[in-house]
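>>> Make a model of this:
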Amino acid sequence: MLSNLKPQPADKILHITQLFRADPRAEKVDLGVGVYKDATGHTPVMRAVRAAEKRLAETQPTKAYTALAGDPAYLLAMAKLVLGRDRPLDRIAAAATPGGTGALHQALELARAATPGATLWIPEPTWPNHPSIARHLGIAHRGYRYFDTETGEVDEAGLLADLAGVAEGDIVLLHGCCHNPTGANPTAALWDRIADLLLERKAVALVDIAYQGFGDGIEEDAAATRLLVSRLPEVLIAASCSKNFGLYRDRAGIVFAVAADSAARDLAQDNLAALNRVNYSFAPDHGARIVTMILEDKDLRADWEAELRDVRDGMLALREQLAAALRTATNSDRFDFVARHRGMFSRLGLTQAEVLRLRAEFAIYMVDDSRFNVAGLNAESVPRLASAVAEVLREATVA
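Sure, this is the predicted structure:
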């Protein structure tokens, strides 16, 4: 039986991580893996998380199961965080999931059950797991233009033109903030036009919000998601606590289904619980409980917000430093967009050959499409990256 299985394609990002680990050069720089790192290259446990875990260890009375959809306190705390104080609770179904990937999986399973013939529209480029999950679930999907490589900005005209072809009931995947892999976000005006278009086409938005708090702020990063919820009758949302709480391995995520009315909400809630049951029964609770404790405790939340602000400010400073260093090294404003983008990632617009040269000659590792993790940089590696990029481009021009 097992010999009949087909080999699976290697995950490109994990493959780069393996190559990096095998590289013996001391000066090597890892800009591939999508994990936050501090200036020392370490992924820390946040202060509020440590304090909450200590308190939980001392007071938790049981490890018994919660509910199929997850602990109600977690669902409510996350609804307030993502959707704000004015969230329409009578229209929101929710379920805890193993991370943001689990949330995406459950959202797409729910959509497939509701509208089996719907097409999933995915931005180009996007996180590789988006089309992978769609293929795994047998959901028809197609791309829409999102990023203009020449300008380093969102391709507004291409995006709107492509989404004008969305059919009623189709699902449109949108990054709520901090677009992965480009870091380029729609303007407020474009978000308004996207909402108008989806409403006109009677399509459903699926918002992947994995980086709330990593862009411009906790509230600011949720603005687009909240706009869509306020404008559209139905919205699916996949949220993750991996980045903003640093709970990568604890797999704390949540899926929201915003329905047109309370009756549809009850139906969605029943289906989300059933999907949890057949996929993993009960979602992991440890990370979810830590998140709940932090969000419900005034002091823990204040400390979490302060540390998250430091993380965000650090990445914004690195963006400014890199844009300035690239401007000096290349004598060009070609890379100024790096400072304008938000989140952990940007894409430099280099060719695959140029990326491979950075890896081979300068021990700088990034994804083949030139996506790099801003948080993988520090004061020492920023000028090294700028100098290496300038050298690669200079030799490419000469050749």
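>>> where does stretch 346-363 sit relative to the chain's centre, distance-wise?
Centroid separation between stretch 346-363 and its chain, computed with C-alpha atoms, centre = their mean, to the nearest Å, is 23 Å.
>>> My error: substitute stretch 219-238 in the last question.
That offset, for stretch 219-238, works out to 15 Å (C-alpha atoms, centre = their mean).
>>> Pull out the buried residues from that stretch.
When burial is assessed from 16 or more other C-beta atoms under 10 Å, stretch 219-238 yields the following buried residues: 221-226, 228-229, 231-232, 234-238. Every residue, glycine included, has its C-beta placed from N, CA and C.
>>> Near residue 349, how many other residues are there?
Residue 349 has 18 neighbours, counted by other C-beta atoms under 10 Å.
>>> thought it was touching residue 369?
No - contact criterion C-beta atoms under 8 Å: residue 349 and residue 369 do not qualify, at 9.2 Å.
>>> ok so, going back, among the buried residues of stretch 219-238, which ones are in helices?
Of those, the ones assigned to helices by DSSP state H are 221, 223-226, 228-229, 231.
>>> which residues of this protein fall in strands?
Under the criterion DSSP state E, strands of the chain are mapped to 29-30, 92-98, 120-124, 141-145, 147-148, 153-154, 171-175, 204-209, 235-240, 252-258, 345-347, 364-365, 371-373.
>>> nearest to residue 184, of those strands?
Among the strands of the chain, strand 153-154 comes nearest to residue 184, with 5.0 Å by C-beta to C-beta.
>>> Sheet-wise, list the partners of that closest one with their directions.
strand 147-148 (antiparallel) (DSSP bridges).
>>> Settle this for me: residue 73 is touching residue 291, isn't it.
No - counting by C-beta under 8 Å, residue 73 does not reach residue 291; the two are 9.9 Å apart.
>>> who has more neighbours, those two?
Per other C-beta under 10 Å, whichever of residue 73 and residue 291 has more neighbours is residue 291, with 27 against 16.
>>> Could you list which residues are in contact with the more buried one?
74, 77-78, 241, 245, 247, 252 (C-beta atoms under 8 Å, 6 or more residues apart in numbering).
>>> can you pull the contacts of residue 234?
204, 257-260, 264.
>>> What subset of those residues is buried?
By neighbour count, with 16+ other C-beta under 10 Å, the contacts of residue 234 hold 204, 257-259, 264 as buried.
>>> Which residue ranges make up each domain of the protein?
Taking the TED database as the reference, the chain has its domains at 8-46+310-397, 65-296.
>>> now the most centrally placed residue in the chain, nearest residue through space, not along the chain?
Nearest to the mean C-alpha position of the chain, counting by C-alpha atoms, centre = their mean, stands residue 210 at 3.4 Å. Nearest non-adjacent residue to residue 210, counting by C-beta to C-beta, 6 or more residues apart in numbering: residue 240, 4.3 Å away.
>>> And the nearest residue to residue 281 once chain neighbours are set aside, what's its pLDDT?
Leaving aside its sequence neighbours, residue 281 sits nearest to residue 68 (C-beta to C-beta, 6+ apart; 7.1 Å). Note on residue 68: pLDDT of 94.
>>> if I read this right, residue 68 contacts residue 270, doesn't it?
No - contact criterion C-beta under 8 Å: residue 68 and residue 270 do not qualify, at 10.0 Å.
>>> who's more crowded, the two?
Taking other C-beta under 10 Å, residue 68 and residue 270 do not tie; residue 68 has more neighbours (16 against 12).
>>> what's that one in contact with, if anything?
Listed by C-beta under 8 Å, 6+ apart, the contact partners of residue 68 are 95, 273-274, 276-277, 281-282.
>>> Repeat the analysis, applying 6 Å as the threshold.
273, 276-277 (C-beta atoms under 6 Å, 6 or more residues apart in numbering).
>>> most surrounded residue in the residues you listed?
Counting by other C-beta under 10 Å, top hit in those: residue 276 with 23 neighbours.
>>> Report the contact partners of that residue.
68, 95.
>>> Please tell me how far it sits from residue 282.
7 Å (C-beta to C-beta, to the nearest Å).
>>> Any figure for the gap between the residue nearest to residue 281 and residue 291?
Plainly put, residue 68 is 19 Å away from residue 291 if you go by C-beta to C-beta.
>>> again with residue 98
As judged by C-beta to C-beta, residue 98 and residue 291 stand 14 Å apart.
>>> got any residues that touch both of those two?
Overlap of the contact sets of residue 98 and residue 291 (by C-beta under 6 Å, 6+ apart) is empty.
>>> Now the top helix by length along the chain: average pLDDT?
Counting by DSSP H, the longest helix found in the chain is helix 298-330. Averaged over helix 298-330, pLDDT sits at 97.
>>> any idea how far it is from the chain center?
So, by C-alpha atoms, centre = their mean, the centroid of helix 298-330 is 17 Å from its chain's centroid.
>>> swap in stretch 363-379?
17 Å.
>>> what's the span of that stretch, first residue to last?
Start-to-end span of stretch 363-379 (C-alpha to C-alpha, to the nearest Å) is 17 Å.
>>> Any buried residues in it, and which?
Under 16+ other C-beta under 10 Å, the buried positions of stretch 363-379 are 363-378.
>>> Alright, I will stop here.
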